[in-house]
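Q: predicted model and sequence follow; I will ask about them next.
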Amino acid sequence: MSYTLITGASSGIGREFVREFARRKSDMVLVARSDDKLRELGAELSPSGTPDIHICAEDLGDPESPRRIYEYCRERELRVGLIINCAGFGFAGEYGSMPLKELQEMIQVNMAAMAGIIRLFLPGMIAEKRGGIVNISSVGGFQGIACLGLYAATKSFIITLSESLHEELKDKGIKVIVVCPGYIETGFHARACQHPEHSLLPVSSPSVVVRASIKGLLKNKLFVFPTFLDFLLVFLQRFFPRAAVLKTAAFLAPLKSSDCQVF
Ligand SMILES: NC(=O)c1ccc[n+]([C@@H]2O[C@H](COP(=O)([O-])OP(=O)(O)OC[C@H]3O[C@@H](n4cnc5c(N)ncnc54)[C@H](OP(=O)(O)O)[C@@H]3O)[C@@H](O)[C@H]2O)c1
């Protein structure tokens, strides 16, 4: 029996993945810091114990957390066949005023934890000659964004790592995809101090991301753009000078002028 490991499972897109996989009766290991939220979700979706849902509350900001998650699964003999790397957060504001603690935590959660989790579970998938890895990036990972610089850079890292792994693992029976949403209605923006209502771009629901991801995973489609607009925003970049791309990205980022003086 194979388990789906979902990070960022306590809210937003990750929680929607949990709901969808519960509908499909997939056994899961849920990861996030909010133990109470994860337990509530597990009890709601699996009152009778089917599917089998394990709660592994971890702070991915701790460099040792990927190892502990791996040990949690190994000790309970939970074979992880699919990883959904969804945990992440952003920070909107001038780089020069970004708290260093926030900077280190974002690097750890958005990049190092994801890379570590993949590294630890991959040998098991390779031995089984099957597996799947879904990495949640963003349309924000295709260019720099003024006042969202570190977040954009972490999402760019995810795209590059996913591309490399997709190519490296495609003949080994392991699918690797990278999902690149635009604005999604979740708790993300409140934490990042963003204001989607100030953006011209539409806001979609997390279910749009989940549906597109599952479709993309079945076809092992490297890049998944949940909406046509997400695809278009990235595709059109190739026809414009980089300076114009950067200006547009800063313009479309939902920051209040008080958060960041871009123009
Ligand atoms: N919302 C958007 O517009 C949007 C667009 C493009 C990409 N994304 C990406 O989608 C992913 C999911 O975000 P979301 O929109 O669903 O936001 P969200 O509702 O804020 O969910 C973020 C999830 O990450 C977890 N998380 C954050 N810091 C963590 C830490 N230190 N350790 C463990 N877990 C942690 C949170 O759980 P706890 O707080 O319980 O730890 C939560 O489950 C992120 O990678 C984000 O970059 C979002």
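A: Happy to help now that I have it.
Q: now do the buried residues in the biggest helix by length in the chain.
A: Using DSSP state H to define each element, the chain has its longest helix at helix 149-169. By neighbour count on 16 or more other C-beta atoms under 10 Å, the buried set for helix 149-169 is 150-159, 161-162, 165-166, 169. For glycine as for every other residue, the C-beta is placed from the backbone atoms N, C-alpha and C.
Q: ok, stretch 42-60 next?
A: Those buried within stretch 42-60 under the rule 16+ other C-beta under 10 Å are 42, 45-46, 51, 53-60.
Q: likewise for stretch 246-253?
A: Of the residues in stretch 246-253, those buried (16+ other C-beta under 10 Å) are 248-250, 252-253.
Q: that one vs the ligand: in contact?
A: No. Judged by C-beta under 6 Å from any ligand atom, stretch 246-253 stays clear of the ligand, getting no closer than 11.1 Å.
Q: what about stretch 233-249, average pLDDT?
A: For stretch 233-249, mean pLDDT rounds to 97.
Q: end to end, how far does it reach?
A: The first residue of stretch 233-249 is 9 Å away from its last residue (C-alpha to C-alpha, to the nearest Å).
Q: run through the protein and note the low-pLDDT ranges.
A: Segments of the chain classed as low confidence (criterion: pLDDT under 70) are 254, 256-263.
Q: which stretches in it count as strands?
A: Assigned strands in the chain, in chain order: 2-7, 27-32, 53-57, 79-85, 131-136, 174-179, 183-184, 203-204, 223-224 (criterion: DSSP state E).
Q: ok, residue 90 to the ligand distance?
A: According to C-beta to the nearest ligand atom, to the nearest Å, residue 90 stands 6 Å off from the ligand.
Q: all further residue positions should be reported with the first residue as 150.
A: Right, with 150 as the first residue, what we last looked at is residue 239.
Q: pretty sure that residue sits against residue 341.
A: Yes. Using C-beta atoms under 8 Å, residue 239 and residue 341 qualify as a contacting pair, with a distance of 3.7 Å.
Q: between the two, which has more neighbouring residues?
A: More neighbours sit around residue 239 than around the other of residue 239 and residue 341, counting by other C-beta atoms under 10 Å; the figures are 23 against 18.
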